[in-house]
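**Student:** sequence below, structure please.
(2 chains)
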2 protein chains.
Amino acid sequence: MPMINRLTIIGVGLIGGSLARALKAANACREVVGYGRSADSLQKAVELGVIDRAETDIAAAVKDADVVVLGVPVGTMVPVLEQLKPHLASHTILTDVGSTKGSVVDAAEQVFGSLPPRFIPGHPIAGTEKSGVEASFAELYQRRRVILTPASTSDSDALEMVRWMWQQAGAEVIDMSVEHHDEVLAATSHLPHMLAFTLVDTLARLEDHDDIFRFAAGGFRDFTRIASSNPRMWHDICLNNRDALLKMIRRFSDELHTLAAAIESGHSEAILETFERAKAARDAYCENSC
Amino acid sequence: MPMINRLTIIGVGLIGGSLARALKAANACREVVGYGRSADSLQKAVELGVIDRAETDIAAAVKDADVVVLGVPVGTMVPVLEQLKPHLASHTILTDVGSTKGSVVDAAEQVFGSLPPRFIPGHPIAGTEKSGVEASFAELYQRRRVILTPASTSDSDALEMVRWMWQQAGAEVIDMSVEHHDEVLAATSHLPHMLAFTLVDTLARLEDHDDIFRFAAGGFRDFTRIASSNPRMWHDICLNNRDALLKMIRRFSDELHTLAAAIESGHSEAILETFERAKAARDAYCENSC
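**Tutor:** Modelled structure (predicted):
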């Protein structure tokens, strides 16, 4: 059975922290080193047993690491890679957990000239609306999917190690092209977040918003849960998957406009067809995944 | 302690069935009569103990009823009231559970000339994405809100009886004007349903939709739950609260358009402000209601 001797997590929050917990629980990793800008947050991670050692010096953090996981917002990828670059040993495998992959590959190209063969971009399709190491838990990746977007130049040992690591955390690992990843995530994750943020903000700006929220029911609570997500992180995501996201927003807007026109003109058939198609798709999705 | 001797439920589905169960559990009602077009569904309601007696004849169903609850889609209000009209005793109290109230008052005016003093329009802010008597349960209204929209001409005894009935089912009862109800519900319920239906349908119409849904995560599941709601019911709701709903769709569309423009031009501050305002509003709402 392989084993990661030393794993370094850059940015120990919900995602990185949960990975560390899961790998420790699976005995897949001997030592976890955490690096971050906030000494307080790192101290908390040590106290919670999520990491074994906290480092606020990047060189010390990645020294002798087998795997380095970048758990930082996608908007900070360039400066973080710049910092890392002088200290990465040639055997060290690098991976990330960012929600956008084109921008991560761009950042790597900007810093290294091209995507390093031992940098395997990754994205666990998991998370909650909460942030921070306090919200991390070992079971986050159980029965979740992790998408890896290796390049043709990627080192196959590095790819298999990153795959093995996520499997140890309980995930199903799938390889995909960078472009397809960014399109799929724009549709299923980035667009819904934009809609939830926009809906809640639209309501919050109404004059009688206290009364409005007071009469919201359970459906509203579920529908808007993702509007409680981290604003800075989602700011980074929407700017780092701009083209695919704007394309999806346009498609959605066009369809909402068509529905509004059908409601305005009382076009029953068109309204019913839309709702029925949506219900059928959602029920089918849920049969497989809920 | 008062008591409803005979309660008649017209349309024994999730909402009417749960009310019957709750009132029986609270010993607030001696006999529940169920009326509906489907003998099979009524038979099911008898077998489940939701109603004591099934009637497919409207005259027999409402005979000697103290309270008649209309649990039918808002789009069928006029024909149902036409059917009921010749058989309603003068002492019988009438109420409904429709999600739109302006249209229900319009229907009553169309059938009776004006809203009858003993017809108290009501709307329980409760439900699930499921439909039918099989989905009903006695606790549905516990700690939920019920809005009543009485008119100045409403009979105060009838109003207090309907209020008492919902309180026995565990709900908090609030009086509100018809117009305010329809605006508040357009914002917190009808608009979110339109967005969820439209999102799922937009995705279902993409070429690679199987792959799209396969990579949807937990946030998507929650966000789209309401897209599994009954299409016919929501068709009725959106056509019966057309003006308030279209106003809210326009406000939402304008704000989504503004956000898309900010993403396109990379206007970080505007994006962050929107997300932060939304998160603050959602967190505050949740502190009170989640």
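**Student:** dump the residue contacts of the spatially most central residue of chain A.
**Tutor:** By CA atoms, centre = their mean, the mean C-alpha position of chain A lies nearest to A:Ser99, the distance being 3.9 Å. Shown in contact with A:Ser99 (CB atoms under 8 Å, 6 or more residues apart in numbering or on different chains): A:Val74, A:His123, A:Leu185, A:Ser189, A:His190, A:Met233, A:Ile237, A:Asn241. To be clear about C-beta, it is placed using only N, CA and C from the backbone, and glycine gets the same treatment.
**Student:** give me the number of residues near the fifth one?
**Tutor:** In this case it means A:His190. 24 (other CB atoms under 10 Å in any protein chain shown).
**Student:** same question, A:Thr258
**Tutor:** 15.
**Student:** would you mark the buried spots in the host helix or strand of A:His180?
**Tutor:** Element membership of A:His180, judged by DSSP states H and E, is helix A:178-185. Within helix A:178-185, the residues that count as buried by 16 or more other CB atoms under 10 Å in any protein chain shown are A:Val178, A:His180, A:His181, A:Asp182, A:Glu183, A:Val184, A:Leu185.
**Student:** count the residues that sit near the nearest residue to A:Gln43 once chain neighbours are set aside.
**Tutor:** Residue nearest to A:Gln43 in three dimensions, not counting chain neighbours: A:Ala54, with 6.4 Å by CB to CB, 6 or more residues apart in numbering or on different chains. Neighbours of A:Ala54 under the rule other CB under 10 Å: 18.
**Student:** again, but for A:Thr153
**Tutor:** 9.
**Student:** repeat for A:Glu109
**Tutor:** For A:Glu109, using other CB under 10 Å, the count is 12.
**Student:** check contacts around it.
**Tutor:** A:Glu109 neighbours (CB under 8 Å, 6+ apart): A:Leu115.
**Student:** run the last query once more with 6 Å
**Tutor:** The contact partners of A:Glu109, by CB atoms under 6 Å, 6 or more residues apart in numbering or on different chains, come to none.
**Student:** can you give me the distance of it to A:Ile10?
**Tutor:** According to CB to CB, to the nearest Å, A:Glu109 stands 19 Å off from A:Ile10.
**Student:** and for A:His257?
**Tutor:** When A:His257 is compared with A:Ile10 (using CB to CB), they lie 43 Å apart.
**Student:** wait, A:Gln83 sits on A:Thr56?
**Tutor:** No. Applying CB atoms under 6 Å as the test, A:Gln83 and A:Thr56 come out as separate, 11.9 Å apart.
**Student:** between the two, who's got more neighbours?
**Tutor:** Neighbours per residue (other CB under 10 Å) separate A:Gln83 from A:Thr56, with A:Gln83 holding more: 17 against 13.
**Student:** tell me the pLDDT at the closest residue to that one other than its chain neighbours?
**Tutor:** What sits nearest to A:Gln83 in space, not counting adjacent residues and going by CB to CB, 6+ apart, is A:Ile58, at 5.1 Å. The per-residue pLDDT reported for A:Ile58 equals 95.
**Student:** how much space separates A:Ile58 from A:Phe275?
**Tutor:** 53 Å.
**Student:** more neighbours: these two, which one.
**Tutor:** A:Phe275 (27 against 18).
**Student:** re the thing from before, name the SS class of the residue nearest to the centre of chain A, please.
**Tutor:** Under DSSP: H, G, I helix; E, B strand; the rest coil, A:Ser99 falls in the coil class.
**Student:** I'd say the residue nearest to A:Gln43 and A:Gly34 touch.
**Tutor:** Yes. The criterion here is CB under 6 Å, and A:Ala54 meets it with A:Gly34 at 5.3 Å.
**Student:** contacting residues for A:Gln142?
**Tutor:** Applying CB under 6 Å, 6+ apart, we find A:Gln142 in contact with A:Gly170.
**Student:** now, which of the contacts of A:Ser99 lie within strands?
**Tutor:** A:His123 (DSSP state E).
**Student:** gap between A:Ala126 and B:Met3?
**Tutor:** Following CB to CB, the distance that separates A:Ala126 from B:Met3 is 52 Å.
**Student:** which residues sit in contact with A:Gly11?
**Tutor:** A:Gly11 makes contact with A:Gly36, A:Gly71, A:Val72, according to CB under 6 Å, 6+ apart.
**Student:** point me to the helix or strand that includes the nearest residue to the first one once chain neighbours are set aside.
**Tutor:** Setting aside the residues directly before and after it, A:Gly36 is nearest to A:Leu42 in space (CB to CB, 6+ apart), at 5.1 Å. Assignment of secondary structure by DSSP H and E places A:Leu42 within helix A:39-47.
**Student:** name the helices or strands packed onto that helix?
**Tutor:** Contact partners of helix A:39-47 among helices and strands, from 3 or more CB pairs under 6 Å, 6 or more residues apart in numbering or on different chains; DSSP states H and E: none.
**Student:** what residues does the stretch 1-150 of chain A have near chain B?
**Tutor:** Proximity of the stretch 1-150 of chain A to chain B is confined to A:Ile125 under the rule CB under 6 Å from any CB of the partner chain.
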